[in-house]
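Asker: Okay, predicted coordinates and the sequence, questions at the end:
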Amino acid sequence: MNIGLIAHNTKKKLMQNFCIAYRAILSKHELYATETTGKLIEEVTNLNVHKYLAGHLGGAQQMGSQIENNKIDMMIFLRDPITRQFQEPDTNNLFHLCDMHNIPLATNLATAELMIKALERGDLEWREMYK
């Protein structure tokens, strides 16, 4: 499966820790991330991450394009609900695209952990048939 990974600046360390904790599961899949998040994940996990531009430089739009073309099967976007983000329209567009294209989306650690466990159990295999 192709997994999209994005984290706001205040959640990047949390994303790193998440990827360390679930490295064994993530290693069985293709990972896609915005540039900074992808580099940080690679540094701590040695996983291969396909990187788009930084989110504010167009990476969110690139990820959105992949979603529109049915090339992302699951999205984990650890967002900061407190700090106002200047790229909020891009973020909202990603959420909209995930909803339109039936892409499972986690926006916090609790749902990310539920989704990664579901992935491990095979609960998301329906995505292969959906394609």
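Answerer: Structure received.
Asker: so how far is His8 from Leu114?
Answerer: Distance of Leu114 to His8, given as Cβ to Cβ, to the nearest Å: 20 Å. Bear in mind the C-beta positions are built from the backbone N, C-alpha and C, glycine included.
Asker: ok, now Gln62?
Answerer: Applying Cβ to Cβ, the value for Gln62 to His8 is 17 Å.
Asker: Could I get the contacting residues of Gly59?
Answerer: Taking Cβ atoms under 8 Å, 6 or more residues apart in numbering as the criterion, Gly59 is in contact with Ile6, Thr34, Glu35, Tyr52, Leu53.
Asker: For the residues you listed, pick the one with the most neighbours.
Answerer: With neighbours taken as other Cβ atoms under 10 Å, the top of the contacts of Gly59 is Ile6, carrying 27 neighbours.
Asker: Doesn't it belong to a helix?
Answerer: No. Ile6 is assigned strand when assessed by DSSP: H, G, I helix; E, B strand; the rest coil, not a helix.
Asker: ok, Leu114 and His8, which is more surrounded?
Answerer: His8 (20 against 13).
Asker: Might you list the low-confidence residue ranges for this structure?
Answerer: Filtered on pLDDT under 70, the chain yields the residue ranges 84-90, 130-131.
Asker: all helices of it, in order?
Answerer: Ranges of helices in the chain, per DSSP state H, are 12-21, 23-26, 35-45, 59-68, 88-100, 109-121, 126-130.
Asker: Quick one: closest of those to Leu78.
Answerer: helix 12-21 (5.2 Å; Cβ to Cβ).
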